[in-house]
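> Provide a 3D model corresponding to the input given below.
(chains A and B)
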Amino acid sequence: MNFPLPDLNPVMPEILMTAFALIVLLLDLLIKKKEAVAVISIAGTAIISLSLLKTTGSTFGGMYIADGYSTFFKIIFFINVILTILISIKYIAVERVNYGEYYSLILFSTIGMMIMASASDLITLYLGLELMALSTYVLAGFIRHNLKSTESALKYFLLGAFSSGFLLYGISIVYGLTGTTDLRLIATFITERGLSGNLSLLLAIGMLTVAFGFKIAAAPFHMWAPDVYEGAPTSITAFMSVGPKAAGFAVIGRVFMIAFAAVKADWATILIPISILTMAVGNIVALSQTNIKRMLAYSSIAHAGYALLGIITANSEGISSMMNYLFIYAFMNIGAFAVIIMLRSEGIKGEDLSDYEGLSKTHPLAAALMLIFMFSLTGIPPTAGFIGKLYVFMAAINAGYTWLVIVAVIFSAISAYFYLRVVMYMYMRDPKTELPLTTSFTNGLALAVTTAAVLIIGVFPTMLVEFARAALKGF
Amino acid sequence: MAVPLSWYMLLSLAVFSIGVFGFLSRRNIIIMLMSIELMLNGVNINLIALSHYIQDLRGQILAFFVIAVAAAEAAIGLAIVIAMFRNRATAHVDEIKEMQG
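Next up, the predicted model:
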């Protein structure tokens, strides 16, 4: 008897990435210079990203799907992984943790995210999520001689594992109700049996919301984020604030829009208060932060709140605006962290806001770049952050959530205070001490790419917007 | 005597709830890890009972995956606890407060 070979074409990028991550793990044993491992990782990832071009279709009995939606998110993950490696090469040497497994762990985490974006079955979703999360726990504690770093890994691990328990309980209820774990079959079952309003289904949706809320750091499930972001290595903070968040949104979009399409009103009612609370907590608590990594952690919570608006609108315009937002967020956030990383040098932490005093006089270029990223995070034109917010808010207004957008705009105005405070410190105060900058070619390259992307998308947004719209066809 | 499905589901809910309560109330990291295991195993009971009831194999397959992932999770969790322990000899979460969130 012969077994049919499943169509491996849709899953090819993940297979190549897995093989490549294993090769990087082995190369680490042979290569003494870890910078070479980093360069190989970047080159390999860039080549594998080309395989995304012609992968479409669904495979493994519908458990795995490669469509425009997943491809768009995978592009974000590839950008994230390449930029993160670029900014880490010098940084992990400064932190004295220049070990090669760092790069393979980042690659494994990215594979997990790719599987999440492509999962069309709750089982694949769970496996992708765990692969991503387990690799990120280790990365958060990578500076293992540092108490803060190990503490952040421990907090991330405990709360992450706790939330995956909720995810599984939610999955088991959905499975019991519908008898399947396939997202499309769940949707058909819910409409055929008229399960909308069913209390067990609401409980399951609630549990899944808790689990996904942890992953995207939405309030009230955000408590881990500030501590973890502050303690983790800065390059990993940049990685975590973009990748797992985008992956979480990819999963929320697919599960809620496809499996629970029939009960849109129910989950929108759950998500609206979460979104408002997330924006409130993120923006208001950020006002009192003095550590810049902690401040950006709260800012990242707030940005999850804005992006949730795109999900709440529950139509293709909203989803595509959410995708745009995450794409833009990847560039502006990693850019900001690339500047923060430059201030970290031998013996100097450079994480405190007071370290930025008078930066424009001592290092004008670094200050100017930070200014661009802070403007973009606030959402001031002509930067990309403005475009991201504009499309999300427009989608929400078109769907009739004008009041929600007014709330979001108010919180966005509050956020200007703490973003522009950094700019004020840099440009309007005198430097106390001359801080040395840790510059490197790769970090400069990452800064050049992110700055260019933030400005180009800010001035010519049409291409990105059209791309996101086209990606949603057939979703 | 036939055991109805609801008994299994109640057992599963009880085990899961003990896990949640233990995680939230105990302050020793090892016991918190054990509570997480209880949560996952509560889910496994649910999945397997439902799988038998629906006569569908997916639930049991997922239960196997959960067991495998839980093993990996325990390994990584204990590794992190050991790394933590080397920096500060404690397994009590209230003493781990370098950063206050």
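> Quick check: A:Leu309 is in a strand.
No - remark: A:Leu309 does not belong to a strand; assigned using DSSP: H, G, I helix; E, B strand; the rest coil, it is helix.
> what's the helix or strand for the residue in chain B positioned nearest to chain A?
For chain B, the residue closest to chain A is B:Met39, as judged by C-beta to the nearest C-beta, at 3.6 Å. In this view, the C-beta of every residue, glycine as well, is placed from N, C-alpha and C. Using DSSP states H and E, B:Met39 sits in helix B:29-54.
> which helices and strands sit right next to that helix?
helix A:147-178, helix B:5-25, helix B:58-87 (3 or more C-beta pairs under 8 Å, 6 or more residues apart in numbering or on different chains; DSSP states H and E).
> is chain B contacted by the first one?
Yes - for helix A:147-178 and chain B, the contact criterion (C-beta under 8 Å from any C-beta of the partner chain) is met by A:147-148, A:150-155, A:157-158, A:161-162, A:165, A:168-169, A:171-173, A:175-176.
> hey, where'd the helices end up in the stretch 351-475 of chain A?
Secondary structure of the stretch 351-475 of chain A (DSSP state H, counting those that start in this stretch): helices located at A:359-362, A:364-378, A:384-398, A:402-428, A:441-459, A:462-471.
> residue at max distance from the center of chain B?
B:Met1 (30.5 Å; C-alpha atoms, centre = their mean).
> helix, strand or coil for that one?
coil.
> and the gap between it and B:Ile54?
Relative to B:Ile54, B:Met1 is positioned 22 Å away (C-beta to C-beta, to the nearest Å).
> Just want the phi and psi numbers for B:Arg88.
Backbone torsions for B:Arg88, taken as degrees, to the nearest 10, come to phi -150, psi 120.
> That one: neighbouring residues, count only.
13 (other C-beta atoms under 10 Å in any protein chain shown).
> right, is the helix or strand where A:Ile111 lies up against chain B?
Per DSSP H and E, A:Ile111 falls inside helix A:101-118. No - Helix A:101-118 lies out of reach of chain B by C-beta under 8 Å from any C-beta, never closer than 11.0 Å.
> ok, residue 86 - contacts?
In the absence of a named chain, chain A is used. Taking C-beta atoms under 8 Å, 6 or more residues apart in numbering or on different chains, we find A:Leu86 in contact with A:42, A:442-443, A:445-446, A:449.
> hmm, I had chain B in mind actually
A:Arg144.
> how close does it get to B:Ala79?
11 Å.
> got it, and A:Ile397?
Distance from A:Ile397 to B:Ala79, by C-beta to C-beta: 49 Å.
> ok, now which ones touch the residue nearest to A:Arg421 when sequence neighbours are not counted?
Once flanking residues are discounted, A:Arg421 sits nearest to A:Leu353: 7.3 Å by C-beta to C-beta, 6 or more residues apart in numbering or on different chains. Contact analysis of A:Leu353 by C-beta under 8 Å, 6+ apart lists A:289-292, A:295, A:421-422, A:425.
> A:Ile334 versus A:Leu353, what's the distance?
20 Å.
> I'd like the helices and strands packed on helix B:29-54 laid out as a markdown table, including distance to A:Glu230 and mean pLDDT.
Shown next, in a markdown table, are the helices and strands packed on helix B:29-54 (distance: least, C-beta to C-beta, whole Å; pLDDT from 0 to 100):
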| stretch | distance to A:Glu230 | mean pLDDT |
| --- | --- | --- |
| helix A:147-178 | 7 | 93 |
| helix B:5-25 | 23 | 95 |
| helix B:58-87 | 16 | 93 |
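> So which of those is the most surrounded?
Mean neighbours per residue, mean count of other C-beta atoms under 10 Å in any protein chain shown, is largest over the helices and strands packed on helix B:29-54 for helix A:147-178, with a mean of 24.
> just checking, what packs against that one?
helix A:122-140, helix A:183-193, helix A:199-216, helix A:224-231, helix B:5-25, helix B:29-54, helix B:58-87.
> just how off-centre is stretch B:69-84 within its chain?
13 Å (C-alpha atoms, centre = their mean, to the nearest Å).
> contacts for that stretch?
A:126-127, A:130, A:134, A:137-138, A:141, A:144, A:147, A:150-151, A:153-154, A:157-158, A:161, B:29-30, B:33, B:36-37, B:40-41, B:90-91, B:96.
> Residue 95: neighbour count?
Chain wasn't specified; assuming chain A. Based on other C-beta under 10 Å, the number of other residues close to A:Glu95 is 19.
> You answered for a different chain; I wanted chain B.
11.
> quick one: which of the helices and strands packed on helix A:147-178 is nearest A:Val409?
helix A:199-216 (21.1 Å; C-beta to C-beta).
> residues touching B:Leu62, list them.
A:122-123, A:126, A:171, A:175, A:181, B:47.
> Closest to A:Ala367 out of those?
A:Tyr126 (44.7 Å).
> list the contacts for the closest one?
A:164, A:167-168, A:171, B:62, B:65-66, B:69.
> repeat that for 10 Å
A:Tyr126 makes contact with A:115-116, A:119, A:164, A:167-168, A:171, A:181, A:211, B:62, B:65-66, B:69 under the criterion C-beta atoms under 10 Å, 6 or more residues apart in numbering or on different chains.
> quick one: which of those is nearest A:Thr383?
A:Met116 (28.8 Å).
> Not counting sequence-adjacent ones, nearest residue to the closest one?
A:Gly128 (3.9 Å).
> Hmm, A:Met63 and that neighbour touching each other?
No - using C-beta atoms under 10 Å, A:Gly128 makes no contact with A:Met63, being 11.1 Å away.
> which neighbours do those two share?
Joint contacts of A:Gly128 and A:Met63 (C-beta under 10 Å, 6+ apart) are A:118-119.
> if we can go back for a sec, scan the contacts of A:Leu86 and report the most crowded one.
A:Ala446 (26 neighbours).
> Contacts only, for the residue nearest to A:Gly170 when sequence neighbours are not counted.
Of all residues not flanking A:Gly170 in the chain, A:Met207 sits nearest, at 3.2 Å (C-beta to C-beta, 6+ apart). Applying C-beta under 10 Å, 6+ apart, we find A:Met207 in contact with A:163, A:165-174.
> go with 8 Å
Contacts of A:Met207 by C-beta under 8 Å, 6+ apart are A:166-167, A:169-170, A:173.
> Pull up the gap between B:Leu5 and B:Val43, please.
16 Å.
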